[in-house]
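J.: Attaching a predicted model along with its sequence, questions to come.
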Amino acid sequence: MSTKPTTTDLTWTDLDTRAVDTARVLAMDSVQKVGNGHPGTAMSLAPAAYVLFQKVMRHDPADAEWTGRDRFVLSAGHASLTLYVQLYLAGYGLELDDLKSFRTWGSKTPGHPEYGHTTGVETTTGPLGQGVANAVGMAMAARYERGLFDPEAAPGTSPFDHTIWAIAGDGCLQEGIAAEASSLAGHQKLGNLVLLWDDNHISIEGDTETAVSEDTLQRYEAYGWHVQRVAQLPNGDLDPDGLYQALRAAQAETGRPSFIAARSIIAWPAPHAQNTEAAHGSALGEEEVAATKRVLGFDPELHFEVSDAVIGHTREALERGREAKAEWEKSLAAWRTANPERAAEFDRVQAGELPAGWEEKLPEFETGKAVATRAASGKILQALGAVVPELWGGSADLAGSNNTTIDKTSSFLPEGNPLPEADPYGRTIHFGIREHSMAAVMNGIALHGNTRIYGGTFLVFSDYMRNAVRLSALMHLPVTYVWTHDSIGLGEDGPTHQPVEHLASLRAIPGLNIVRPADANETVVAWREILKRYTKTFGVGAPHGLALTRQGVPTYERNEDAARGGYVLAEAEGGAPQVVLIGTGSEVQLAVGARELLQAEGVPTRVVSMPSVEWFEEQDQEYRASVLPPSVTARVAVEAGIGLTWHRYVGDAGRIVSLEHFGASADAKILFREFGFTAEAVAAAARESLEAAAR
C-alpha cells in the first residue's frame with residue numbers, strides 16, 4: 001500500500017484556521033487552570049500538529065494500535081498539550097474534562113506524555129532527545145518488519161510501509177543523544193523517518209544564543225538527511241501550506257531521513273508573552289490569556305471554548321481513519337493471499353508467540369568445563385537466531401567482546417553500503433559507539449512492535465544508557481540489555497572499565513530485572529525465561545539486563561529453578577543447614593568452594609545461587625522461605641560489587657563479601673585474591689556469621 005502523497009494540494013478552510021486557534025486557546029486554558037505547565041510551545045506548534053493529525057498522517061483514532069498506522073513521537077514532551085489537544089480534536093477518547101484536569105492526580109493528561117497511560121501516546125517523552133532516538137528505533141523496526149514479511153515489494157507498495165513522524169525542540173537537538181541517533185539514522189538511510197524541528201530560539205535561560213551558534217541544518221545535511229526549511233507567514237505564525245508541502249516532500253523522499261526546520265515564535269500570538277522564555281514553562285496569567293483570546297477572536301470570558309462546528313470538523317478524522325484502515329486491510333488481505341506462509345508467521349509474531357520447538361534448539365553446556373557467560377550467551381543467540389526470526393540486535397561496537405552477533409553474514413545496513421554482509425533487512429545491528437542512543441533506539445524498536453530486540457555493551461557503560469534504561473522500565477518495554485565484563489574479573493583494563501556500583505544501582509530501578517547467571521547453563525535458563533516472559537506479556541512486559549562474565553566460570557548442572565531467581569545449588573550435608581551462602585555470577589564458585597571448606601569442618605552448608613533478585617522476589621513466601629529458611633540466620637552473600645543489594649537477605653547476623661571501592665589494573669585472578677574474593681574469605685565470613693547468630 002503506497003504511503004506516498006496522492007496530492008500536493010492542501011485543502012484549508014476557515015474552520016481549519018479556527019481549529020488551530022482553538023488548540024491554542026485550549027493549551028492556554030489548560031495550563032492556566034492548573035497553574036503550571038508549558039503553554040508557549042503548544043501554542044506556536046498548533047498549526048504543525050494540526051496539519052499532521054488532520055491532513056497528513058495515516059492513523060485511525062478509533063484504533064490506536066492499528067499495525068498499519070503511521071507513528072507520531074513528540075520528543076519535546078514538555079509541550080504535551082501539543083499532542084493531547086490533537087488527540088482530543090481527532091477523537092482518540094480524550095475529552096474537554098481531560099484537558100481541564102491537565103497535570104492533576106489520576107488524569108489522562110499527565111505533565112509529559114506517558115506510553116500506556118493515554119490512548120494515542122506512542123512513547124513516554126520528557127527527558128529531551130529521547131524521543132528523537134525512539135523515532136529512529138521505530139523507523140528501523142518498520143524496515144526490519146518489512147523484511148520479515150514483505151521484502152520483495154516495491155517501495156511504497158507494501159502494507160508494512162508507513163512513516164514515523166517526530167517533533168523535536170531546541171533542547172532535544174542540544175542533547176547528545178539526539179546527535180547520536182540522528183547520525184545513526186543518516187547512516188541507515190531511514191527514508192521512512194521525518195523529524196520536524198521547532199526552531200523557536202527559546203530555552204529556559206532565554207534566547208538559544210546563550211548556548212548554541214551552530215548551523216543545525218548543515219549539521220543534518222552532514223548526517224546525510226534530506227533537509228528543508230519552512231518559511232513563516234508575514235505575521236510570524238507557522239504557515240500551514242508550507243508545512244504541508246514540506247511534510248509531503250519529506251514523505252516522498254524514501255532514500256534518506258528528512259529534517260524540516262520550522263521557525264516559530266513561542267506563545268504566538270500572545271501580545272506580551274510571545275517570544276519570551278517565561279512562556280516556555282509558566283502559565284501566561286489571566287490578563288495575557290484574555291488578551292490572546294481577543295487577538296484570536298475568542299470570548300475572553302469563556303474558558304475551554306470549542307464550537308460544535310470545530311469539533312464536528314476535526315472529528316472527521318474518525319471517518320478518514322476508518323477509510324484509511326479499510327484500504328490498508330484490503331492491501332493486507334491481498335498480501336495474505338499471495339503470502340500464506342508469511343501471513344501465518346505474521347499472525348504468530350503479532351500474538352507474541354514463539355515458534356514451535358524453539359526451546360529444543362537451546363544449547364546444553366558440559367558440566368565442569370569453564371565457560372565465560374558472555375560466550376555462552378553468544379552461542380545461545382546464534383542458536384535462537386536460526387529459529388526466532390523476529391529476534392535481532394547488536395552492540396555498541398563491541399560485538400566481538402559482547403558475543404552479540406546473531407548472524408555474521410547479515411548486517412542491518414542500507415542499500416548502497418559497501419560491506420559484503422550489508423542487507424537492509426539484516427539481523428545484526430551495528431549501533432556504533434553510541435550507547436545512550438542504542439538504549440533509546442531499542443525502546444523505539446520495542447514500542448513499534450512485532451520484533452524482539454537486544455543490545456550489548458560493557459556493564460560499566462550502562463552509565464551512558466541509564467536514562468533510556470529507566471524509560472524502558474517506566475514503559476514496561478520488553479528489551480534485553482546484554483551487559484558483559486560484569487566485574488573486576490575483566491582484569492587489566494582497570495577501574496575505568498570495572499563496574500563496582502552498577503549492579504546495585506541498576507537493581508534500584510523499579511521494573512528492571514537484572515539477571516547475573518552463575519554459569520553457562522544458568523545463562524541458557526536466563527535467556528529462555530526472558531523470551532518466555534515476553535511471550536506472556538509481549539509489549540507490556542519488563543526490560544531485562546543480563547550481566548555476563550568476561551572470564552570463564554565453572555559449569556554446573558542445569559537447574560530449571562534458576563528461572564525463579566534464586567534456588568538451592570548445593571544442599572547442606574550432614575544435617576540441616578547451619579549457614580547459607582548466597583552468590584551471583586562469577587562469585588557462585590566462591591560460595592561452592594567455601595561450602596567445601598565448611599563441610600570439611602563439620603558445618604552443614606547450603607549454597608544458593610541468586611541470578612535475579614527481582615525474579616526471586618516474585619516468588620511466593622513459601623518458596624522463598626524454602627530457599628532461605630528464616631530459621632537459619634547465619635548467612636553470607638558474595639558479589640564482586642558494592643554490597644547494597646544484600647543486606648535484606650543476610651540480616652543482622654549475616655556478612656557480605658563485597659567490593660566497596662574501585663578496582664585496579666591487573667590480572668583477574670590477582671584482583672580477586674587481593675580484594676578478598678576467595679573461597680577462604682567467604683568461609684571466614686561464614687564463621688563470623690555463625691558466631692554472631694549464636695550470640
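T.: Looks like it came in fine.
J.: Next, count neighbours for the closest residue to residue 37 other than its chain neighbours.
T.: The shortest distance from residue 37 to any non-neighbouring residue, by C-beta to C-beta, 6 or more residues apart in numbering, is to residue 31 (3.7 Å). Any C-beta I mention is one placed from the backbone N, CA and C, and that applies to glycine too. Using other C-beta atoms under 10 Å, residue 31 has 24 other residues around it.
J.: and if you look at the one 4 residues further on?
T.: By the other C-beta under 10 Å criterion, the neighbourhood of residue 35 contains 9 residues.
J.: Quick check: it touching residue 283?
T.: Yes - using C-beta atoms under 8 Å, residue 35 is in contact with residue 283, at 5.8 Å.
J.: what separates the residue nearest to residue 37 from residue 46, distance-wise?
T.: 14 Å (C-beta to C-beta, to the nearest Å).
J.: how much space between the residue most central in space within the chain and residue 110?
T.: For the chain, the residue whose C-alpha lies nearest the mean C-alpha position (C-alpha atoms, centre = their mean) is residue 443; its distance is 2.2 Å. Going from residue 443 to residue 110 by C-beta to C-beta gives 18 Å.
J.: And the longest helix belonging to the chain, what does it pack against?
T.: Looking across the chain with DSSP state H, the single longest helix is helix 316-338. With contacts defined as 3 or more C-beta pairs under 8 Å, 6 or more residues apart in numbering; DSSP states H and E, helix 316-338 has these neighbours: helix 80-90, helix 340-350.
J.: nearest to residue 97, of the ones you listed?
T.: Residue 97 lies closest, by C-beta to C-beta, to one member of the helices and strands packed on helix 316-338: helix 80-90, at 10.1 Å.
J.: what about the closest one, distance to the chain center?
T.: On the basis of C-alpha atoms, centre = their mean, to the nearest Å, helix 80-90 sits 23 Å off its chain's mean C-alpha point.
J.: Taking helix 316-338 as reference, get the angle to it.
T.: 80 degrees (axes from the mean of the first three to the mean of the last three C-alpha atoms, to 10 degrees).
J.: From the contact counts, what lies against helix 80-90?
T.: Checking 3+ C-beta pairs under 8 Å, 6+ apart, helix 80-90 ends up next to helix 14-34, helix 39-44, helix 46-51, strand 71-74, helix 96-100, helix 308-314, helix 316-338.
J.: burial measure for residue 330, as a count.
T.: Neighbour count of residue 330, defined by other C-beta under 10 Å: 12.
J.: and what of residue 344?
T.: Using other C-beta under 10 Å, residue 344 has 11 other residues around it.
J.: how far away is it from residue 336?
T.: Distance from residue 344 to residue 336, by C-beta to C-beta: 9 Å.
J.: Next: residue 532.
T.: 28 Å.
J.: Where does the prediction get shaky in the chain?
T.: Scanning the chain for pLDDT under 70 picks out 1-8, 535-540.
J.: Distance-wise, check the residue nearest to residue 37 relative to residue 276.
T.: Counting by C-beta to C-beta, the gap from residue 31 to residue 276 is 15 Å.
J.: Going along the chain, name the helices of the stretch 251-400 of the chain.
T.: Ranges of helices within the stretch 251-400 of the chain are 278-281, 286-296, 308-314, 316-338, 340-350, 373-385, 399-402, based on DSSP state H, counting those that start in this stretch.
J.: With distance to residue 548 added, can I get these in a markdown table?
T.: Formatted as a markdown table, these follow (distance: least, C-beta to C-beta, whole Å):
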| stretch | distance to residue 548 |
| --- | --- |
| helix 278-281 | 43 |
| helix 286-296 | 56 |
| helix 308-314 | 52 |
| helix 316-338 | 40 |
| helix 340-350 | 27 |
| helix 373-385 | 4 |
| helix 399-402 | 8 |
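J.: Most tightly packed of those helices?
T.: helix 373-385 (a mean of 22; mean count of other C-beta atoms under 10 Å).
J.: OK, contacts around residue 662?
T.: 495, 498, 500 (C-beta atoms under 8 Å, 6 or more residues apart in numbering).
J.: Let me know the distance separating the second one from residue 675.
T.: Residue 498 is 10 Å from residue 675, where distance means C-beta to C-beta.
J.: again with the first one
T.: Residue 495 is 12 Å from residue 675, where distance means C-beta to C-beta.
J.: Mind jotting down where the strands sit in the stretch 351-500 of the chain?
T.: Using DSSP state E, counting those that start in this stretch, the strands of the stretch 351-500 of the chain run over residues 370-372, 391-395, 411-412, 422-423, 428-430, 452-458, 479-484.
J.: who touches the fifth one?
T.: This points to strand 428-430. Contacts for strand 428-430 (C-beta under 8 Å, 6+ apart): 140, 392-395, 397, 399, 405-408, 410-413, 421, 455.
J.: do stretch 517-526 as well
T.: Contact with stretch 517-526 is made by 362-365, 367, 371, 373, 375-377, 380, 515, 546, 548, 553-560, 562-563, 569, 583-586, 588-589, 609, 611-612, as judged by C-beta under 8 Å, 6+ apart.
J.: Out of those, which end up buried?
T.: Buried by 16 or more other C-beta atoms under 10 Å: 362, 365, 371, 373, 375-377, 380, 515, 546, 548, 553-556, 558-559, 562-563, 569, 583-586, 588-589, 609, 611-612, out of the contacts of stretch 517-526.
J.: Which residue, other than its chain neighbours, is closest to residue 146?
T.: residue 160 (4.3 Å).
J.: Tell me if the one you found really is in a helix.
T.: No - counting by DSSP: H, G, I helix; E, B strand; the rest coil, residue 160 is not part of a helix but coil.
J.: hmm, back to that, for residue 135, which of the helices and strands packed on helix 316-338 is the nearest?
T.: Residue 135 lies closest, by C-beta to C-beta, to one member of the helices and strands packed on helix 316-338: helix 80-90, at 13.7 Å.
J.: Specify the angle between the closest one and helix 14-34 in degrees.
T.: Interaxial angle, helix 80-90 versus helix 14-34 (the same axes, to 10 degrees): 130 degrees.
J.: what about residue 117, how many residues close to it?
T.: Residue 117 has 13 neighbouring residues, counting by other C-beta under 10 Å.
J.: wait, doesn't it sit right on residue 108?
T.: Yes - using C-beta under 8 Å, residue 117 makes contact with residue 108 at a distance of 7.0 Å.
J.: Wait, residue 232 touches residue 243, no?
T.: No - judged on C-beta under 8 Å, residue 232 makes no contact with residue 243 at a distance of 10.7 Å.
J.: if you count what's nearby, which of the two comes out ahead?
T.: Using other C-beta under 10 Å as the criterion, residue 232 and residue 243 rank with residue 243 on top: 23 against 15.
J.: for residue 567, what are its contacts?
T.: By C-beta under 8 Å, 6+ apart, the contact set of residue 567 is 559, 561, 608, 609, 627.
J.: Correction: the previous question concerned residue 236.
T.: With C-beta under 8 Å, 6+ apart, residue 236 has these contacts: 265, 268, 269, 274.
J.: Restricting to C-alpha, output the host helix or strand of residue 171 in CSV.
T.: Element membership for residue 171, per DSSP states H and E: helix 170-174. Listed next in CSV are the C-alpha coordinates belonging to helix 170-174 (Å, rounded to 0.1, in the frame of the first residue of the first chain):
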residue,chain,number,x,y,z
ASP,A,170,15.9,23.1,20.5
GLY,A,171,16.5,21.3,23.8
CYS,A,172,16.1,17.9,22.1
LEU,A,173,18.7,18.7,19.5
GLN,A,174,21.2,20.1,22.1
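J.: Nothing else from me, thank you.
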